[in-house]
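K.L.:
Okay, predicted coordinates and the sequence, questions at the end:
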Number of protein chains: 2
Amino acid sequence: MKNEMNIALIPPDNIPPPGATDLEIARAVTPKPVIEIAAERLGLLPHQLIPYGHYKAKVDLMQLDVSQPRGKLVLVTAMTPTPAGEGKTTTSIGLCDGLNALGINTSVCLREPSLGPCFGMKGGAAGGGRAQAIPMEDLNLHFNGDFHAVTVAHNLLVSLIDNHLHWGNELALDPRQISWRRVMDLNERALRNIVCGLGGTAHGIPRESGFDITVASEIMAVLCLAEDLHDLQLRLSAMVIGRRRDGSVVTAGELGADGALTVLLKDAMMPNLIQSLEHNPVLVHGGPFANIAHGCSSLMATRTALALTDVVITEAGFGADLGAEKFLDIKCRLSGLAPDAVVLVCTIRALKMQGGIAKADLALPDVVAVEAGSVNLLRHIRNVQQFGLTPLVVVNRFPTDSDEELAVIQRCGLASGVRVVSAEHWARGSDGAQALALAVQEQLSAPKPELTLLYPDEMPLDEKIYTVATRMYGAGEVQYSSAAYRQLEEIHQLGFGHLPVCIAKTPYSFSSEPAILGAPVNHTLPVRELRLMAGAGFVVAVCGDIMTMPGLPRHPAALNIRLDERGEIIGLC
Amino acid sequence: MKNEMNIALIPPDNIPPPGATDLEIARAVTPKPVIEIAAERLGLLPHQLIPYGHYKAKVDLMQLDVSQPRGKLVLVTAMTPTPAGEGKTTTSIGLCDGLNALGINTSVCLREPSLGPCFGMKGGAAGGGRAQAIPMEDLNLHFNGDFHAVTVAHNLLVSLIDNHLHWGNELALDPRQISWRRVMDLNERALRNIVCGLGGTAHGIPRESGFDITVASEIMAVLCLAEDLHDLQLRLSAMVIGRRRDGSVVTAGELGADGALTVLLKDAMMPNLIQSLEHNPVLVHGGPFANIAHGCSSLMATRTALALTDVVITEAGFGADLGAEKFLDIKCRLSGLAPDAVVLVCTIRALKMQGGIAKADLALPDVVAVEAGSVNLLRHIRNVQQFGLTPLVVVNRFPTDSDEELAVIQRCGLASGVRVVSAEHWARGSDGAQALALAVQEQLSAPKPELTLLYPDEMPLDEKIYTVATRMYGAGEVQYSSAAYRQLEEIHQLGFGHLPVCIAKTPYSFSSEPAILGAPVNHTLPVRELRLMAGAGFVVAVCGDIMTMPGLPRHPAALNIRLDERGEIIGLC
């Protein structure tokens, strides 16, 4: 899906051949042994690395103290994306390669891809073109098993819940109010709503339930926000699994499940190390959804990278309204981290889409549409500025971009007082990211900006939601369903009003309606449901239709994935 | 569960302390780096090994030709077991250590344990006492991800099936006749019977379905019988997923799923290498159920071990009526392998149980009960002899065994013309397995016995079932349910009559009734259902109640599993 740009238009350095797929480009590069990357680039000793094959590894956090940061942190975020994405991952990798080419010891922290979309239609998530993380086949398949560990930990908790019901239900859980569903790391439409426990008294208590995709598991968010194994267990223990008839909550800890879950997640807590096509260190760890969770790679990976390299690039899911806001108001708030610089990715295509152009016509030149769409970029710039940060706008270049169109973005930068640079890392790797890298280097040599969170912990939850809705989304009001209003009261009464909010809405609009483009104002944010994520440490406000289990398309990618006659994987993206 | 013997009664060589658990014993030994085991013991070059951490690895079969066997093959089987098992795994490891102590280059091939029982009540499956495979925590948890790969491959196939129904059902599958269920590697009583696809038109087609445990997946059997990736894909393609209204079958290949499934299983096809407590090579790979599948570790592991070492020990699940019969009539038949020697494990406890003693009283001396139970051992000996093989009977010693009781087994050996030796590897490692190792060495120096399979391929399926039932189980007749009889006809009509049969019955009796002890004759084997496993390459005859998804007990082991203050796992077995 990320291959819509024809690489032949920008001459490559011999490899790859014109029209090559991401997988072919990745395969044309011989990776360095991961122990070499770890030793030479991160200064790790052999016992501090747990190899998983020759080209991927985990950093052994039992053997390494990552509490002392030495590096500076760069957040990569984006304007409102097209469904194909605007290249945050690609830009993060390209920037890492670019800074390393300048001699600055840099690493990049990314999220792990989910298996579901790989077999559906999104394709892999390892960057693209000449800004990729390799080995991309491993990354996009089982990788080092973290998602499998989250899946089985999540589902062990359900099996303990159903077993508890079966053997007499000492905790007096209401089978109708068990909020802990099951997960699977696949696109499984037919499992969204099930009835389980059928078949008679020997086979459990019948009840309604369903499956979400693994990245939607609260355990994924917990894993990505935990400071260490002890904190992990405390968070797992605090997770709410359901309620009693009197409305009181029951936690995983009350069921006695937290120890076993921690054991299952012990290895998954350690960040994974791979490399970019230019052999720079890439930490890929965790992958919480960017709607019903905070959408960032793990805190352990960020801390590890900050302890071992001078500059750390990291990205947050979707546009800045969701990704950057959650990175700052959730991950930075809970951890005390703060970015030293922010890169805001935009594309001419996305500007055109925000200017009202249909997906099929995004490659046609259209300055008027770019101009019309630029209000979206301007809002994202202002949003980042509201946190006390000054974004650097980077145009992720496509060969179809015209100079007139690019000039529109330059004018946006001027109007907002931010710098704009172009980058062609997709086609040219670090060579294409030189201007970007130099601009980031300059930004990092300035004094660290002071991060201003959007709201204080002690603000009531509804005011927090109102603050995000009005200041980030341009909404005029927030409307609660009666259920959401009741949940708001309950969460306050349970003593969780101090948590930050995690707003689950469409990434395709500042509003909750994907079709509303540009920079809408005075719209209404409808809160359908509030979910207490007591383990992860935030309250999710579900706004509009949010799907936590995708379906497969009519012709899923799975049908094209196979081994070729040499035993190599084809069709993976 | 395997710790019921008090190690303190037989003085250990300093370690472990009296009363130590298997986990404590395992932790008292410092493992050697797996690359050292691979290089020194298997002659593998660095590029032929894929390390998964420092102490476990996969053997890279893309870099190694394992088609030329150099070693001799020893099958370890057992008499009818008690629920705690009679120590086949322990004996296999002890024998491997014992032969290595004699200077014979020996490896052992074992099945991988399932996560479900680990969190239920069985505990781990890495041997026990001083005959264990390490690192046992990794082996008993995610290990190298094979079971996760089988789980996700199996479930991807279901999601493709449901997606096919959702988008119009071109293949005209009958939603009521989809035989491919889902799997999970957990004990999940409440998922045995579900209704999925609920919630309206956007969420699939409602239908009845359910989950089995991962080891019951046909894909697990396929993985363990495939000769290479090409054969793997052919077998995956042949798997029957359901039927049309006209009764014709639909396969995974017709759905186009075989390529993606092969890709998901690519790494899982490579055998895993760990070590025994005495640093001898242990290949642990695959783990198909021993009732509805053939219950042996993978063919790839056996071939790898035979190519790299002089003697290969392997075990087959349950007693010889199930395990040895399937090892020979399924795995040996399909692969052309044949054992050079057979070791038949018995215990005084199991003989007492077969003699009618209750589980709680098995530690009390009772020569009369041992004598009464010895008919069971005699039947197993004769069964192995029917294949043209001469078993070596090994008594897996417990401290409570009396000389009079042991003499009963010696008399069984005399009566059957087979040798009987005692072994104390559980308490003393290779020192305790010297007599066993010497006896096996002697057996291996004799000419290779000629394996006679129980029935030829061309025998009709019902006659094959009758042959196993009468010659192995002592049954007088086989009775088919009307459904099973119809399925028998169908499978013949579909052209699969040439496949071997895999009988799924209780392991606790030669009959289909767990309560019928000893060596019953003239009983009736009731065939409830026949299942065509066209990918695995056998036809399962389900006899009596066979559970393909276990449940958790009232107090599951999961509730005791946790990390201690040093971050080490406790409570795992």
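P.N.:
It's in.
K.L.:
Can you report phi and psi for A:Asp321?
P.N.:
phi -60, psi -40 (degrees, to the nearest 10).
K.L.:
Just the terminal-to-terminal distance for stretch A:382-395.
P.N.:
Start and end residues of stretch A:382-395 are separated by 17 Å (Cα to Cα, to the nearest Å).
K.L.:
Let me know the average pLDDT across it.
P.N.:
Here stretch A:382-395 scores 98 as its mean pLDDT.
K.L.:
Checking the nearest residue to A:Pro46 once chain neighbours are set aside next. Helix, strand or coil?
P.N.:
Nearest non-adjacent residue to A:Pro46, counting by Cβ to Cβ, 6 or more residues apart in numbering or on different chains: A:Ile35, 6.8 Å away. C-beta here means a position set from N, CA and C on the backbone, and glycine is covered the same way. Going by DSSP: H, G, I helix; E, B strand; the rest coil, the secondary structure assigned to A:Ile35 is helix.
K.L.:
Just confirm A:Ile35 contacts A:Gln48, I think it does.
P.N.:
No: if you go by Cβ atoms under 8 Å, A:Ile35 and A:Gln48 don't touch, sitting 10.5 Å apart.
K.L.:
Which residue ranges of the stretch 151-300 of chain A form strands?
P.N.:
Counting by DSSP state E, counting those that start in this stretch, the stretch 151-300 of chain A has strands at residues A:173-178, A:182-184, A:194-196, A:207-209, A:211-213, A:240-244, A:249-251, A:272-276, A:281-284.
K.L.:
wait, I meant the stretch 401-550 of chain A
P.N.:
Assigned by DSSP E, counting those that start in this stretch, the stretch 401-550 of chain A shows strands spanning A:420-423, A:475-480, A:501-504, A:523-527, A:529-533, A:538-542.
K.L.:
can you list those in JSON lines and add distance to B:Leu406 and mean pLDDT?
P.N.:
Output for the strands of the stretch 401-550 of chain A, formatted as JSON lines (distance: least, Cβ to Cβ, whole Å; pLDDT from 0 to 100):
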{"stretch": "strand A:420-423", "distance to B:Leu406": "79", "mean pLDDT": "97"}
{"stretch": "strand A:475-480", "distance to B:Leu406": "77", "mean pLDDT": "97"}
{"stretch": "strand A:501-504", "distance to B:Leu406": "67", "mean pLDDT": "97"}
{"stretch": "strand A:523-527", "distance to B:Leu406": "75", "mean pLDDT": "97"}
{"stretch": "strand A:529-533", "distance to B:Leu406": "61", "mean pLDDT": "97"}
{"stretch": "strand A:538-542", "distance to B:Leu406": "65", "mean pLDDT": "98"}
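K.L.:
could those strands be laid out in JSON lines, adding mean neighbour count and distance to chain B?
P.N.:
As requested, those are arranged in JSON lines below (neighbours: other Cβ atoms under 10 Å in any protein chain shown; distance: least, Cβ to the nearest Cβ, whole Å):
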{"stretch": "strand A:420-423", "mean neighbour count": "22", "distance to chain B": "33"}
{"stretch": "strand A:475-480", "mean neighbour count": "17", "distance to chain B": "24"}
{"stretch": "strand A:501-504", "mean neighbour count": "26", "distance to chain B": "19"}
{"stretch": "strand A:523-527", "mean neighbour count": "21", "distance to chain B": "20"}
{"stretch": "strand A:529-533", "mean neighbour count": "20", "distance to chain B": "16"}
{"stretch": "strand A:538-542", "mean neighbour count": "25", "distance to chain B": "17"}
